[in-house]
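*Asks:* Take a look and give me a structure for this.
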Amino acid sequence: MFQKKIAITLILISTQIFAIPSASAASKGWRYWGYFQAAPGDKTWTAAMTGPSVEVKDGDVEGWIFVFSSNDIPAVTPMMDPDFATLCGETPETSGKIRVGLVVDFGAGNIAPDGEIPNEFFSDCVVVDKGSLGLDVLEAALDVRAGDSGLICGIAGYPASECGAEIDEPAAEQVVAIERTEEQENSSSQSAPILLAVLALFLLSAFFLNRRRTR
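*Replies:* Take a look at the predicted model:
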């Protein structure tokens, strides 16, 4: 009876050690161009709740990022913080014009449409006429594709054709999970002899203890 309890305990221990949790079902969301703004002097992004139809001022920084999100607020900000001095510090003021920093982050590869690769990160100082809108700044620097509703669908040819497509939530930790699995396999193969030795000693001790109790 004592040996049966030991065996059951070992089975439970091994089950808890090697059990793998099941993956949860993927949620839905959209991949689209998220739009951010930063007023003169701001060092953090503010998600723009309207399209790029607001007049910009000298010293503003405009930010775009191709992102996955489950709502109309982008889940992440562009990879570069808004820094007008860095973007436009060497661009002189011009009469009748304004200087606006522009940052365009083409997003992560794991949300790219099939067969497409995100463009390289883009940043520049754009000089436009006074009274220009956010869209004017973007169009002055890069090709823009907009939908019938005015939604910005593509920037600099990316993505090539879709517009605000609904997709499953990307597996952001997929690569990390694979690396961890390989490490766990190597660790398990190295620690297996030690584990067997410990179990053998445990069983041997239990056997002698049981014999002494039965005498």
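
*Asks:* mind giving me the domain split of the protein?
*Replies:* Listed domain ranges for the chain are 29-168, 174-214 (source: automatic domain parsing).

*Asks:* most neighbours per residue, which of those domains?
*Replies:* Using mean count of other CB atoms under 10 Å, the stretch among those with the greatest mean number of neighbours is domain 29-168 (a mean of 17). From N, CA and C alone the C-beta is placed, and that goes for glycine too.

*Asks:* picking that back up, kindly reformat the domains of the chain as JSON lines containing mean pLDDT.
*Replies:* As requested, the domains of the chain are exported to JSON lines (pLDDT from 0 to 100):
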{"stretch": "domain 29-168", "mean pLDDT": "96"}
{"stretch": "domain 174-214", "mean pLDDT": "48"}
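
*Asks:* if I pick Ala141, what's in contact with it?
*Replies:* By CB atoms under 8 Å, 6 or more residues apart in numbering, the contact list for Ala141 reads Leu102, Val104, Phe122, Asp124, Val126.

*Asks:* ends of stretch 81-99, how far apart?
*Replies:* 17 Å (CA to CA, to the nearest Å).

*Asks:* ok, Ala75 to Gly51 distance?
*Replies:* Distance, Ala75 to Gly51, using CB to CB, to the nearest Å: 19 Å.

*Asks:* Kindly report the same for Gly29.
*Replies:* Shown here: Gly29 relative to Gly51, a distance of 20 Å by CB to CB.
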